[in-house]
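Engineer: Give me the fold of what follows.
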Amino acid sequence: QLAIEAAAQEKKRKEEEEAKKPIIGVNKEGQKYTYDAKKVQEKLSKYDYSNNGKKIVFLTFDDGTSKTNTPEVLRILDENNIKATFFLTGSNIENGGETARELVKQEFESGHAIANHSYSHDCNKLYPGRNLDMKAFKEDYEKNDKLLKSILGENFTTHVMRCPGGYMSWKNMDELDKYLEKNNIASIDWNALNADAEGPKKNAKQLAQYAIKTSEGKEMVVLLMHDTYGKEETVKALPTIIKYFKDNGYEFRTLV
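Structural biologist: Okay, the predicted model is just below:
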């Protein structure tokens, strides 16, 4: 009897220890698809898209979640048995209420990577006159981090972020560099895109063509797309984009 009780207590202790461990970006299942985001950040900063002959692609979605497009994106990814990285914007999650929170959980539980894309996505506030306001940025970033913890658990955190508008768009970013370095956070831009937020509105075929054109000749591709409201054509283009990478021997990975 004593031995059984001791074994039960030991099992409980191990479960409690496990529950306290930090969760970085993905769940346990998702860990097998991850790739070191710091390495990707370094390659992007040098415009070096080689990868020792091995083709690798990171599908990234900004600004979600949306009740219309995010479920469809998740369905298509699931059908193709691939994982993506979702750069989440807090205000969009809060506007979507309980449904949006459930979608964040679904992303996480499906093994996709969760990354921080600020709370407000308000470029005028974060970069007044195109210059970084570090105080505003830090508050905004940490507010979003707190929101993600409230959904995915206090021991969840992400070491991957994407600046609203992209890091390369703004001036006086030195303070942010120091903050990211100190907190072991990788800032990830992109080197290919489907242009669903650039120029005139495009249909699914045009979006797929743009994604393919900007990815060609690169062994390492970080593809920018959006799953927010109004991006229905992105959803329609996604199967074609996935097929292109599969047909061309790319491995799908996530950023952590």
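
Engineer: centre of the chain versus stretch 137-147, how much separation?
Structural biologist: Put simply, stretch 137-147 sits 16 Å off its chain's centre (Cα atoms, centre = their mean, to the nearest Å).

Engineer: The stretch 1-150 of the chain: strands as residue ranges?
Structural biologist: Ranges of strands within the stretch 1-150 of the chain are 23-24, 34-35, 56-62, 85-88, 113-116, based on DSSP state E, counting those that start in this stretch.

Engineer: Looking at the ones you listed, which is nearest to Ser169?
Structural biologist: Nearest of the strands of the stretch 1-150 of the chain to Ser169, taken as Cβ to Cβ: strand 56-62 at 13.5 Å. All C-beta spots, glycine's among them, are computed from the backbone N, C-alpha and C.

Engineer: And the strands of the stretch 1-150 of the chain, which one averages the lowest pLDDT?
Structural biologist: Ranked by mean pLDDT, the strands of the stretch 1-150 of the chain bottom out at strand 23-24, with a mean of 91.

Engineer: Residues contacting it, please?
Structural biologist: 152-153, 155-159, 256 (Cβ atoms under 8 Å, 6 or more residues apart in numbering).

Engineer: about what we covered before: could you save the strands of the stretch 1-150 of the chain as JSON lines and add columns showing mean neighbour count?
Structural biologist: As requested, the strands of the stretch 1-150 of the chain are exported to JSON lines (neighbours: other Cβ atoms under 10 Å):
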{"stretch": "strand 23-24", "mean neighbour count": "18"}
{"stretch": "strand 34-35", "mean neighbour count": "18"}
{"stretch": "strand 56-62", "mean neighbour count": "25"}
{"stretch": "strand 85-88", "mean neighbour count": "27"}
{"stretch": "strand 113-116", "mean neighbour count": "27"}
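
Engineer: Nearest to Lys178, out of the ones you listed?
Structural biologist: strand 113-116 (17.4 Å).

Engineer: picking that back up, reformat the strands of the stretch 1-150 of the chain into CSV and put distance to Gly199 next to each item.
Structural biologist: Putting the strands of the stretch 1-150 of the chain into CSV (distance: least, Cβ to Cβ, whole Å) gives the following:
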stretch, distance to Gly199
strand 23-24, 36
strand 34-35, 30
strand 56-62, 17
strand 85-88, 21
strand 113-116, 25
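
Engineer: Noted, bye for now.
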